[in-house]
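>>> what follows is a predicted structure for the sequence shown.
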Amino acid sequence: MLTFYFHDDGTYPNSKLPVLYHPDSIRDTDTMQEVFRANNWKNSWINGIFPYHHYHSTAHEVLGVLSGHATVQLGGPAGEQMQLSRGDVIVLPAGTAHRRLQQTEDFQVIGAYPDGMFFDTKTDKQGEYQQALQEIHNVPLPQQDPVTGDSIWR
């Protein structure tokens, strides 16, 4: 597992918590949702990643790549670009900006949230940032890593 830190840039809050990257961690993507559920990451969906910077201020998020490849930017416009492919999993703390830059035609991810929390989607709209800071502060830490089941961010 690798970790990445992204700092608040005044538009995208990001987080003091690290992004967790589990490369090639769940090769059998048919079981990815089951692994997430077993570790109490629920309220899942299957789709892609928005092509614009966004973040969630009310929940942490796990994204697991079911198929294809994509280049994703984390941390906002000055953030890092990351190549994701089938079996890769990233765990995004609440507030972490992310967007898809490019993808293969078959790119799909599964997203889920600790304890099945509901999530919002924030961008760079005026007035969102200050509200998001308070919301992010109130998001509880998950009990388990969605891949390993180990304690997370503690």
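Arrived safely. Residues are numbered from 1 along each chain as shown.
>>> wait, what's in contact with the residue nearest to residue 141 when sequence neighbours are not counted?
In space, and not counting its chain neighbours, residue 141 is closest to residue 153: 5.4 Å by CB to CB, 6 or more residues apart in numbering. Yep, even glycine has a C-beta here, placed from its N, CA and C like the rest. Going by CB atoms under 8 Å, 6 or more residues apart in numbering, residue 153 touches 17, 18, 93, 141, 142.
>>> just the buried residues from those residues, in ChimeraX please.
In ChimeraX, this line selects whichever of those come out buried by 16 or more other CB atoms under 10 Å:
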select :17,18,93,142
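>>> so what's residue 63 bridging to?
On the basis of DSSP bridges, residue 63 is bridged to residue 90, residue 111.
>>> what residues sit buried inside stretch 43-63?
44, 49, 53-63.
>>> tell me the mean pLDDT over it?
Summarised as a single mean, pLDDT over stretch 43-63 is 97.
>>> next: stretch 1-11.
96.
>>> other residues contacting it?
Residues contacting stretch 1-11 (CB under 8 Å, 6+ apart): 12, 14-16, 18-23, 74-80, 96-97, 124, 129, 148.
>>> the residues you listed in strands, which ones?
Of those, the ones assigned to strands by DSSP state E are 15, 16, 18, 19, 20, 21, 22, 74, 80.
>>> which one of the contacts of residue 153 sits closest to residue 114?
residue 142 (3.4 Å; CB to CB).
>>> hey, C-alpha coordinates of stretch 113-123 in CSV?
Once non-C-alpha atoms are left out, stretch 113-123 reads as follows in CSV (Å, rounded to 0.1, in the frame of the first residue of the first chain):
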residue,chain,number,x,y,z
TYR,A,113,-18.5,4.5,1.6
PRO,A,114,-17.8,3.4,5.2
ASP,A,115,-20.9,2.3,7.0
GLY,A,116,-22.9,3.0,3.8
MET,A,117,-22.7,6.7,4.4
PHE,A,118,-24.4,9.0,2.0
PHE,A,119,-22.1,11.4,0.0
ASP,A,120,-22.4,14.7,-1.6
THR,A,121,-20.5,16.1,-4.6
LYS,A,122,-18.8,19.5,-4.4
THR,A,123,-16.7,21.3,-7.0
